[in-house]
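the following block contains a protein sequence and its predicted model.
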Amino acid sequence: MIKIVSAQKHYKLGGETVKALDGVDLKIADGEFVAVVGPSGSGKTTLMHCIGGIDKLDEGSIIVGDSDISKMNDKELSKYRNKTIGFVFQTFNLQPNLTAAENVALPLIFSGTNGKEAKQRAEKALEKVGLGDRIGHRPGQLSGGQRQRVSIARSLVNEPSILLADEPTGNLDSHTGKKIIKLLQDLSEKEKITFIVVTHDDRIAEKASRVIYILDGKIQKEIKGRKKSSSKYLD
Amino acid sequence: MIKGFSLFKIAFRGLVRQRMRTFLTSLAVFIGVFLIITMVSGAVGGEELLRSQFTDAFDMKNVMVGPKGSMQFTVAVPSVEEEEVKPVTPDAIDDLENLNNVVKVQPIILLSGKTLKIEGQEKPIKGIFGSGFNLDEEDRYIQDILAGEVKDLASREVLLSNKISDAYGISSDELIGKKVTIEDDPSSFFSSKVKDKGEVYTFTVVGVIDVGKDQNEFVTSVASAAEMQAIRGGFSSSDEYLSEIGYDQVYLSASSEEVVDEIASKIKEMGFDAMTVGELLDLFGSVIGIVQVVFSMFGVIALIVASVGIVNTMIMSVYERTREIGVMKAIGASRGDIRNIFLSESAMIGFVGGVMGLLGSLAFTGLVEFILLKYVFPAQNIDIDNVFTTPVWLMTAPIILSTIIGILAGLYPALRASRLNPVDALRYE
């Protein structure tokens, strides 16, 4: 269970103070598939970063399970990001000098797992996303869709309870994007992870069990349940 | 925290990404370590050479004895200008002989700054050095005699060095049986302690020896030398001379190397100066040690310059990988992990540069030594069998140093990397 209470986050931009999050209250239950939508600068990415422990709130708190992550120190946050959270980025963000398996193994390496075990678990994770035959390839040898799969495998390898994805289909063509969405949906159902996806992509929004619409740092509205594709989610 | 080997794998891949840059940075380290090892190898090799020549020339069982102040280079002997210097008299020689573990005592009288005239030759030789000591059959001079045959030196018999026969352009055999006169050379820097009363002393040449350093030298017996000094100094007899002035030096042989230090301190208690070959070598060693340090300075300075290059490379690397660092933090790398990754990279640069420097130096010194020993030295008739010596400590210490320098140089960039804010880092293009 994720509980966000009166979250405030502002930053200075060229002398002006911008309110990225202006009093957000939100509850997300375990295993929910949530899509967060909104225009650029609405605060959706900031919200995701704060839930993921990458960014810190100025006021308010985020309680994940039993812990208030807004009170965590740097060391605790590292551990939180490593074990509780999985990140998927729009630009994949893989290390070009490591193979697919080595990339996926990184979170395990950072949690102190030895090389051999990490490799085995990484290979299993790659098989889960359908890339069992690409474990030795470098990102440069993979297509966009394959890279995103590696990224997803990496985010899952440490068995996190929350998966955060920032525009996962943003850099993919529509065909590949569709496949990735399917993958995410399958994983969401199978792995019982809380999925929070920031997206412009209708197709994701329609697969979500809940869509949260953010504007100017505040939640405008929430729509529950799965509906057919329609831009009325975003206006 | 990253465990063990994985850290090095990640760091290694990070370096391999920018192959040229990594190579050039460690090239500077290579130069530094190469210089250190090569130059200090030369110094160590030179030291070994000198030491072996030393121990060839000097027996480790020997102690050199002299009146106080005669061996000024022994440290910690206070100035004895005011005190009366105790002469090394024949009685003192007896005392020395009576010391425990003393096998042989050889008193020596030094005769310097003389002029030598040979029967049948016009020109005298100036600036000749001589000594009077008791030779026996086993002495090297008698064993390796170049001309003539001697068992021991009787009164007024003398051995001349082959440089003298060379100087006159005659063969060594021609010198045998000739009379030589030895006079004080007033213009010489090394005038005798004893005022020359004008007597000319005549010897017969009985042999020609190789004194090894091509010096104008002559060797006679102690008795002859004492007699000569006594006559020229206006003493009534050799005994008087010896009681007042005494011997100039004594070479003392001990029964074994282990007892020399004990004997030396007893002799010092007796009121004389004593120096063991060991002490001489130590003195020599400390000078050589300084030389080695100075030699290593070139390479050390190069390493310091190289470290600046490492700092620069790492700062650039961190900057370029800002986003990557943000991602690593996002997937759970701690500050320590990030720091350790970059520190490992800079340490590797230092280490690899160091190993390359070692290999390069071994190859270089090996090649140079080979060429010198095989071609150059034999052609020049130089009898040296070793040029470079690279002991194990010289192989390992510079590499450890270069690795540490790599770590230190990478510290600032690594800490900067570890402190990056993940959000800002991720925003980077």
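In hand now; what should we look at?

do a quick rundown of the strands in the stretch 1-150 of chain B.
With strands called from DSSP state E, counting those that start in this stretch, the stretch 1-150 of chain B shows them at B:62-67, B:102-118, B:125-133.

which of those strands sits closest to residue B:291?
Residue B:291 lies closest to strand B:62-67 among these, at 24.2 Å (Cβ to Cβ). C-betas here are computed from N, CA, C, even on glycine.

relative to strand B:102-118, how tilted is that closest one?
Computed with axes from the mean of the first three to the mean of the last three Cα atoms, to 10 degrees, the direction of strand B:62-67 lies at 70 degrees from that of strand B:102-118.

in the chain, which residue is most central in space?
If you meant another chain, say so; for now it's chain A. Central residue of chain A (Cα atoms, centre = their mean): residue A:164, 1.4 Å from the mean position.

oops, wrong one, chain B.
The residue lying closest to the centre of chain B (Cα atoms, centre = their mean) is residue B:47, at 4.2 Å.

how about the residue nearest to that residue when sequence neighbours are not counted, secondary structure?
With Cβ to Cβ, 6 or more residues apart in numbering or on different chains as the criterion, residue B:47 has its nearest non-adjacent residue at 4.5 Å, and that residue is residue B:288. Following DSSP: H, G, I helix; E, B strand; the rest coil, the label given to residue B:288 is helix.

confirm for me that residue B:288 is in contact with residue B:48.
No: judged on Cβ atoms under 8 Å, residue B:288 makes no contact with residue B:48 at a distance of 9.8 Å.

can you put the strands of the stretch 1-150 of chain B in TSV and add distance to residue A:113 and mean neighbour count?
Formatted as TSV, the strands of the stretch 1-150 of chain B follow (distance: least, Cβ to Cβ, whole Å; neighbours: other Cβ atoms under 10 Å in any protein chain shown):
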stretch	distance to residue A:113	mean neighbour count
strand B:62-67	68	24
strand B:102-118	73	20
strand B:125-133	80	20
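
looking at these, which is nearest to chain A?
With Cβ to the nearest Cβ as the criterion, chain A lies closest to strand B:62-67 of the strands of the stretch 1-150 of chain B, at 63.1 Å.

list the strands paired with that closest one, with their directions.
Within its sheet, strand B:62-67 is paired with strand B:249-254 (antiparallel), strand B:272-276 (antiparallel), according to DSSP bridges.

ramachandran coordinates for residue A:205?
Dihedral angles of residue A:205 (phi, psi; degrees, to the nearest 10) stand at phi -60, psi -40.

for it, grab the count of nearby residues.
25 (other Cβ atoms under 10 Å in any protein chain shown).

residue A:211 versus that one, what's the distance?
Taking Cβ to Cβ, to the nearest Å as the measure, residue A:205 falls 5 Å from residue A:211.

do residue B:141 as well
For residue B:141, the distance to residue A:211 equals 111 Å [Cβ to Cβ].

between those two, which is the more surrounded one?
Set residue B:141 next to residue A:211 and count neighbours by other Cβ under 10 Å: residue A:211 wins out with 24 against 18.

look up phi and psi at the residue in the stretch 151-300 of chain B that chain A sits nearest to.
Nearest residue of the stretch 151-300 of chain B to chain A (Cβ to the nearest Cβ) works out as residue B:299 at 32.4 Å. Note on residue B:299: backbone dihedrals following degrees, to the nearest 10 are phi -70, psi -40.

ditto for the one 10 residues further on
In this entry, residue B:309 is assigned phi and psi values of phi -60, psi -40 (degrees, to the nearest 10).
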